[in-house]
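Q: Fold the stuff below for me.
(2 chains)
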Amino acid sequence: MTGKAGDVFIGLGNDAIARGAFEAGVHFAAAYPGTPSSEILGNLATVAKDSDLYVEWSVNEKVAFEAATAAAWAGLRAMASMKLNGLFVLLDSLINIAYTGHGSGGLVLVVADDPFAHSSTTEGDARPLGYYSDIVVLEPSTHQEAKDIMSYAFDLSEKFGIIVMVRETTRLAHSRAPFKLGKPIRQNRTAKFDYNLPLHNLPRPHLRHGTLHAKLEKIRKDEFEKSPWNRYDGPSKPSLLIITSGVAWKYAREAVDILQLQDVGILRIATLAPLPKSMILKRLKTTTGVLFFEEVDPYLEEQVRSLASELSSKTIPRFFGKLSGHIPSYGEIDINLAIKAITSLRNLKYSPVQEEYLSIVKDAPDIVPRRILTFCPGCPHRPAYYSIYRAIKRNKGKGIVTGDIGCYSLGVFYHGVMRNQHSMGAGVGIASGLGKLDQFGLDDPVISVIGDSTFYHACLPALVNIIYNQSKAIVCVLDNNATAMTGFQPHPGTGFTATGDVTSKVPIERVLQGIGYQSISVVDPFNIKESIDTVFKALRSADSEAIIFRRECALITNRQRRQQQEPIPLFTVDIDKCFGEQCKICSVEFNCPACVWDNESNKARIDITLCNGCGVCVDVCPHNAIHAL
Amino acid sequence: MSSQCYPRSLGVSKIIYDDPFNIVIAGVGGQGNVLSSRLIADAAITKGFIAAIGETYGAAQRGGSVMSHIRISKHDVGPLIPLHSAHLLLGFEPIEALRVGARYLNPSSVAIVNMHPVYPVEVLTGQLKYPSIDEVERRLKTLCSRLFTLDAVELAEQAGNPLVMNTVMVGALAGVDLMPIKTLMLEKEIAKIRRLKEVNQKAFNLGVNAIKTNL
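A: Numbers count the residues shown, from 1 in each chain, chains lettered A, B, ... in the order given. Next up is the predicted model:
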């Protein structure tokens, strides 16, 4: 972030976007963390104090975007960055603000899609949502472009008074490559409120809709039809034209290189909405076959197919892609899929290795055991889930646990304790509904498990709903004092801001009190007995109860121990007391990776290289076989 | 694409194409996979190449498999290596090397594997079995032209800290001397590490020597 113009820096696509925004003179940046987008604001936060830049971790993406809108309204350059799911959260605001405009400042939205859902619960595509919202959509293909396109995005937003979305995917966001730094243009602007510019669509929203369409049409004609951001490589009359965007462009290029095809052309489109129709139509006329190679949804494919209806039937090429089945309609795409599609269209044969080798390779990994995800050793979520698991067992198996998004999502792998997992806050809404089904004969108790950052993000309306409609759902907040899954970003409960400044805390229990929760218990999940009893009591009561499991993330504790050179407490198993095979509670039921099962002695053993010294296993063992060293 | 990078020593015949030069690192969260791939890429960039790194580390902290693709090229290539097109596999863990090797190795590739296991949680708790190391080694051999094995954790302990296993492996990578970047360049990158500085340098040299004595 602090490099000099001309320096070559090797970094993530997200580093490039952050640097690009900084070079573009962004004044106001807001975000909510979400993989693979979190590093963008994280980076900007590192330089905020030494420049005229304000950054914040907002409580959620909708608020981040609205806060950024305010800054643009006052004439500043503002941005909001998020993962795709964040765009889902703010869509209503986005569409409204697109209609009204946002004043004289620049408003840029960076959205990171996660094809294959590496770190997400769904796949999805921001491009059609940008198109649907009537905003501009740009997508860079390289790290250099990711940096450079940010300045263009701000310029465009200010020139036309339009919201500009920059879309990236995981393989740009989280891959590293070199990019050359430019000179930051820092504009010292004064925020001014223009009282003559109300931002509302009344009295006739539909007219605003029309104005917006006219604006997009002007951008298409004046900017995108001849935009240098789009490029074509290949012969003037390619036998096959590949239309692509983003990182997929690199895959397509490499596939064509590997297959050594001279007659294939590649059209890379970076200005995805509004699409440069005339330019695309011209290209369609030069070929008889088009392959669409794009990440997630067939956005270009559907748009271009519909555009082609403007051609005479003789000049319409054949179209191949996700809709024709040549490219899978789900998952991540790569060079291999590009090669497969091209070879099948051209009747070519290609394999990097011989058939014989492939047959050896096929069976080689069949002895490899799977590696499921689990809570870290010493993680406070494990004993919290263990308590819920034991309490439900004690309650004769009755207790439905709804889940949410965060590290504690791994509860789905913890004896299947967590039954569902959807979007941020959804578990509470679902619990609220489940808690009202007794009149239809379902009176099983319901526990909604949420995290601390999630609590502020999207749980509050559903929690109010539980109290207002007297649902019997219990809420368990697993408060580890961090947004741990995405890299320990602070949140309203931590008392710190994005730039590390001390701020007032918004305590979870006081919010719950304010909502109307009568029974709020705060327990330390490391105190297993109290935790199990508290959950059990809640399961038996017929009230809306709240339990806060409070214990800091083990990784934070470890970091502090390292800094203060404090040793990790050591524990050991007394072999004589260990019940062995017939028990296995520490290892299989509590399921801590540091409670290793020793197959030779058929007893438990603590692996001190893995153990983080929480000592919960001491209380988990019913035979007093584990003790501190 | 040019084909200048790959040395023809060691009886390694020509691989599909040599620019980009493809290295895949297979390991488990917490092994320093990401750091090593950055270090190799930094060395390549210092040498005038354009390096790209593709990483899969969404759940790295939580016991999952982690894979890095490093591509050294004169061109701006994508972050992912095509199937069976890795010139080198750096395996930080035996079964991860086998899992990833089966997708990215080819009969001409070379694999360098730390044979010190990191057990999956279900193995630790006795629910699943970890295969015998000999069997993993036998299978790895069928996947590549030459397999180098070492206990990089033991060597890291010798250097002073088991955590620098990744530096031992980068040393081993330098030791096979099959890359378009040479030992000295990697050594310079290792020297830039501030934490456990001397331990890292020692670990690097132990890695280099572990391979050289095997060549």
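Q: which parts of the stretch 401-550 of chain A sit against chain B?
A: A:Cys407, A:Leu410 (CB under 8 Å from any CB of the partner chain). Where C-beta positions appear, they are placed from N, C-alpha and C, glycine not excepted.
Q: In chain B, what residue spans correspond to strands?
A: Taking DSSP state E as the criterion, chain B contains strands spanning B:21-28, B:50-56, B:65-73, B:88-91, B:110-114, B:146-150.
Q: of all those strands, which lies closest to chain A?
A: Evaluated over those, closeness to chain A peaks at strand B:50-56, with 4.0 Å, by CB to the nearest CB.
Q: how about that closest one against chain A, any contact?
A: Yes. Using CB under 8 Å from any CB, we find that strand B:50-56 touches chain A at B:Ile50, B:Ala51, B:Ala52, B:Ile53, B:Gly54, B:Glu55, B:Thr56.
Q: Just among those, which is most surrounded?
A: B:Ala52 (29 neighbours; other CB atoms under 10 Å in any protein chain shown).
Q: so what's that one scoring on pLDDT?
A: With respect to pLDDT, B:Ala52 scores 93.
Q: Pretty sure it sits against A:His174.
A: No. If you go by CB atoms under 8 Å, B:Ala52 and A:His174 don't touch, sitting 11.9 Å apart.
Q: coming back round to it: if you average pLDDT over each of the strands of chain B, which is lowest?
A: With a mean of 89, strand B:50-56 has the lowest mean pLDDT of those.
Q: Distance from the chain centre to it, please.
A: Centre-to-centre, strand B:50-56 and its host chain are 14 Å apart (CA atoms, centre = their mean, to the nearest Å).
Q: do stretch B:32-42 as well
A: 10 Å.
Q: Can you pull the residues of the stretch 1-150 of chain A lying near chain B?
A: When proximity is defined as CB under 8 Å from any CB, the stretch 1-150 of chain A approaches chain B at A:Val8, A:Ile10, A:Thr35, A:Pro36, A:His118, A:Ser119, A:Thr142, A:Gln144.
Q: Which members of the residues of strand B:50-56 next to chain A are the farthest-apart pair?
A: Maximum pairwise distance in the residues of strand B:50-56 next to chain A, criterion CB to CB, is 21.2 Å, between B:Ile50 and B:Thr56.
Q: Going by residue numbers, what spans are helices in the stretch 251-400 of chain A?
A: For the stretch 251-400 of chain A, helices defined by DSSP state H, counting those that start in this stretch occupy the ranges A:277-284, A:299-307, A:335-346, A:355-363, A:381-394.
Q: most tightly surrounded among these?
A: Ranked by mean neighbour count, the helices of the stretch 251-400 of chain A are led by helix A:381-394 with a mean of 24 (mean count of other CB atoms under 10 Å in any protein chain shown).
Q: next helix or strand past it?
A: strand A:400-402 (DSSP states H and E).
Q: Report all helices and strands that that following strand contacts.
A: Contact analysis of strand A:400-402 by 3 or more CB pairs under 8 Å, 6 or more residues apart in numbering or on different chains; DSSP states H and E lists helix A:426-434, strand A:446-451 as its packing neighbours.
Q: Would you reformat these as CSV and include mean neighbour count and mean pLDDT?
A: Shown next, in CSV, are those (neighbours: other CB atoms under 10 Å in any protein chain shown; pLDDT from 0 to 100):
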stretch, mean neighbour count, mean pLDDT
helix A:426-434, 24, 97
strand A:446-451, 29, 97
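Q: Between the ones you listed, which one is closest to A:Leu539.
A: Closest approach to A:Leu539 among the helices and strands packed on strand A:400-402 (CB to CB): strand A:446-451, 7.6 Å.
Q: ok, now which ones touch residue 140?
A: The chain I'm using is chain A. Listed by CB atoms under 8 Å, 6 or more residues apart in numbering or on different chains, the contact partners of A:Pro140 are A:Gly13, A:Ala146, A:Asp148, A:Ile149, A:Val166, A:Glu168, A:Leu172, A:Gly246, A:Ala270.
Q: nope, chain B please
A: B:Gly91, B:Pro94, B:Ala97, B:Leu98, B:Gly101, B:Ala111, B:Val113, B:Leu147.
Q: Chain neighbours aside, what residue packs nearest to it?
A: Leaving aside its sequence neighbours, B:Leu140 sits nearest to B:Leu147 (CB to CB, 6 or more residues apart in numbering or on different chains; 5.3 Å).
Q: Would you enumerate the residues in contact with the one you found?
A: Counting by CB under 8 Å, 6+ apart, B:Leu147 touches B:Val110, B:Ala111, B:Ile112, B:Val113, B:Glu137, B:Leu140, B:Lys141.
Q: Any of those buried? List them.
A: Buried subset of the contacts of B:Leu147 (neighbour count, 16 or more other CB atoms under 10 Å in any protein chain shown): B:Val110, B:Ala111, B:Ile112, B:Val113, B:Glu137, B:Leu140.
Q: Tell me the spacing between the nearest residue in space to B:Tyr130 that is not next to it in sequence and A:Gly331.
A: Distances taken as CB to CB, 6+ apart put B:Val123 closest to B:Tyr130, at 4.7 Å, once the chain neighbours are dropped. Remark: distance between B:Val123 and A:Gly331 (CB to CB, to the nearest Å) = 28 Å.
Q: Neighbour count: these two, which is higher?
A: A count of neighbours by other CB under 10 Å puts B:Val123 above the other of B:Val123 and A:Gly331, at 22 against 14.
Q: Give me the distance between the more buried one and B:Ile133.
A: Going from B:Val123 to B:Ile133 by CB to CB gives 13 Å.
Q: same thing with A:Val136?
A: Distance of A:Val136 to B:Ile133, computed by CB to CB: 56 Å.
Q: between the two, which one's more packed in?
A: Counted by other CB under 10 Å, A:Val136 and B:Ile133 do not tie: A:Val136 has more neighbours, with 28 against 14.
Q: for that one, phi and psi?
A: Here is the backbone geometry of A:Val136 (degrees, to the nearest 10): phi -80, psi 140.
Q: Now it. Nearest residue, chain neighbours left out?
A: Nearest residue to A:Val136, sequence neighbours excluded (CB to CB, 6+ apart): A:Val164, at 4.5 Å.
Q: I figured the one you found hits A:Asp155, correct?
A: No. Judged on CB under 8 Å, A:Val164 makes no contact with A:Asp155 at a distance of 9.2 Å.
Q: so the nearest residue to A:Arg268 once chain neighbours are set aside is in which element?
A: Distances taken as CB to CB, 6+ apart put A:Trp249 closest to A:Arg268, at 4.3 Å, once the chain neighbours are dropped. If you go by DSSP H and E, A:Trp249 is part of helix A:248-258.
Q: Summarise which helices and strands that helix is packed against.
A: Judged by 3+ CB pairs under 8 Å, 6+ apart, the packing partners of helix A:248-258 are strand A:240-244, strand A:264-268, strand A:289-293, helix A:335-346.
Q: Right, I'll leave it there.
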